[in-house]
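Participant: no FASTA, just this:
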Ligand code: XMP
């Protein structure tokens, strides 16, 4: 295992993902990690991440310097390298020229980390401070035009430092350098696979739960589905899933889920039909935030009432992922692993005195997909695009009614069918339709029509924080529009949303 010390760089999760892509398990811990814990973890290598601070600023984050006495190889990246240099007796200075963006790395000294890396390659830099004097034992291994010490090493102690970011795609040979560190310096083995993870997770769940009962809120998304599979594999019928049909789902969604989980996987699942309840509560409400509040509150009530019917349940399972865990703790210390209560059932564990089971809390989303695939989950669920908790209610702009939901459901169905047929579904972060609260004039056959307008939204994104409108081919857009207008009664116009986030958001409400 590799330990990554988190000095606050926006790229930290990327470091972890790169290492895991190489088949090596790693964890991210804050700089406040006690030295005893590092010893107990006994990592094969330590990566000191980049970070926004200057090493000379008051309160700059530092990790216990005894970490350099453990005989473990260390790779410092940007701030991590500066911290290492400063701690071991070298000097860091504010450079005259800030370096940000692409640079050419010139290798000066052959080095294990540069195995299979050409003498000159492109790297991505982002730093203000520079190294002006290396500690004793270090040599400069590479430079760039503006950075005399772009990489350095103490071969004897196996300490390495990069003043650039090997983890980003803008450093094309970066992954090779990380690979060299893992396998040639640290002696790691490629044993982090989803198969190995599943075996361990199942054993851990059995150990944690014993012969007691677990409740899980199933949404039909990939996270809760994979969580259900893992727990079911571990404890079978001691798991009960609850699925709340709020009437705001897509066409046949509840039905498909029932088929997969109940009939196919034989998982205990309770379906709660709360469609009327939600629709009544939403009647005449058009403000998006009010809709969200109403839906969140009702969901909580329905879920809790159902959960109370399951006698003797001690645990609540959640599909929390590693990014939630990392983001929910303060970057420079504070309590570790306070889980963000972003789930709809946030308050429930405390009220019902339930303990949490979160078997995915060390995984990234792409790993969850791999795990789902490996466990035989229906590919349709594995690759499902994100779907918001409030569902179609925030895609029917303005007042929500069964009639308007029905139109949107049909439109959405046609859209997704065409997107899938054209091979775009997995390439897009999300693709969906929005029903607008205005009508427009059209002509069908010889008659004038006055019907609804729908907007198509399709975006590419990595994490939903930013998103680009998808440049879908015109013939695909044409087919989508034709089919919708011909097949869905009540719609006579289709428009395509060409705004990116920011300044727009992905959802319209
Ligand atoms: P926006 O519209 O803010 O969406 O750009 C970013 C991502 O979050 C999803 N989203 C939600 N998910 N409850 C959810 O569970 C919500 O209220 C909600 N609003 C937006 C959206 O689909 C996109 O993936």
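Facilitator: Everything's here; your move. From a predicted model like this one, the values you see are computed outputs, not experimental measurements.
Participant: Next secondary structure element downstream of the lowest-mean-pLDDT helix or strand in the chain?
Facilitator: Sorting the helices and strands of the chain by mean pLDDT, DSSP states H and E puts helix 322-327 at the bottom, at a mean of 79. Counting by DSSP states H and E, the element after helix 322-327 in chain order, helix or strand, is helix 348-351.
Participant: what's next to that next one, contact-wise?
Facilitator: Contacts to helix 348-351, defined as C-beta atoms under 8 Å, 6 or more residues apart in numbering, come from residues 300, 303, 304, 307, 316, 354, 355, 356. No exception for glycine: its C-beta is placed from N, CA and C like everyone else's.
Participant: which of those residues sit farthest apart?
Facilitator: Spatial extent of these (C-beta to C-beta) is set by the pair 300 and 355 at 18.8 Å.
Participant: what about the two, which has more around it?
Facilitator: Per other C-beta atoms under 10 Å, whichever of residue 300 and residue 355 has more neighbours is residue 300, with 17 against 12.
Participant: helix or strand for that one, which one?
Facilitator: Counting by DSSP H and E, the element that carries residue 300 is helix 288-308.
Participant: Kindly report the residues of the stretch 201-350 of the chain close to the ligand.
Facilitator: Contact residues (C-beta under 6 Å from any ligand atom) of the stretch 201-350 of the chain with the ligand: residue 292.
Participant: And the pLDDT for the residue in the stretch 1-150 of the chain positioned nearest to the ligand?
Facilitator: Taking C-beta to the nearest ligand atom as the measure, the stretch 1-150 of the chain has residue 13 as its residue closest to the ligand, at 17.6 Å. We have a pLDDT of 85 for residue 13.
Participant: still on that earlier bit, what are the buried residues along the helix holding residue 300?
Facilitator: By 16 or more other C-beta atoms under 10 Å, the buried positions in helix 288-308 come out as 288, 291, 292, 294, 295, 298, 299, 300, 302, 303, 306, 307.
Participant: so what does that helix touch, helix or strand wise?
Facilitator: Contacts defined by 3 or more C-beta pairs under 8 Å, 6 or more residues apart in numbering; DSSP states H and E place helix 288-308 against strand 239-245, strand 269-273, helix 275-282, helix 348-351.
Participant: Give the rounded mean pLDDT of it.
Facilitator: Here the average pLDDT along helix 288-308 is 94.
Participant: and it with helix 275-282, angle?
Facilitator: 150 degrees (axes from the mean of the first three to the mean of the last three C-alpha atoms, to 10 degrees).
Participant: With residue 248 as the reference, measure out to the closest residue to the ligand within the stretch 151-300 of the chain.
Facilitator: Nearest residue of the stretch 151-300 of the chain to the ligand (C-beta to the nearest ligand atom) works out as residue 292 at 5.0 Å. Noted for residue 292: a distance of 11 Å to residue 248, by C-beta to C-beta, to the nearest Å.
Participant: what does residue 475 give?
Facilitator: Going from residue 475 to residue 248 by C-beta to C-beta gives 32 Å.
Participant: Which of the two has more residues huddled nearby?
Facilitator: residue 248 (26 against 9).
Participant: Let me know how buried the residue lying closest to the more buried one once chain neighbours are set aside is, in neighbour terms.
Facilitator: The shortest distance from residue 248 to any non-neighbouring residue, by C-beta to C-beta, 6 or more residues apart in numbering, is to residue 391 (3.2 Å). Using other C-beta under 10 Å, the number of residues around residue 391 comes to 20.
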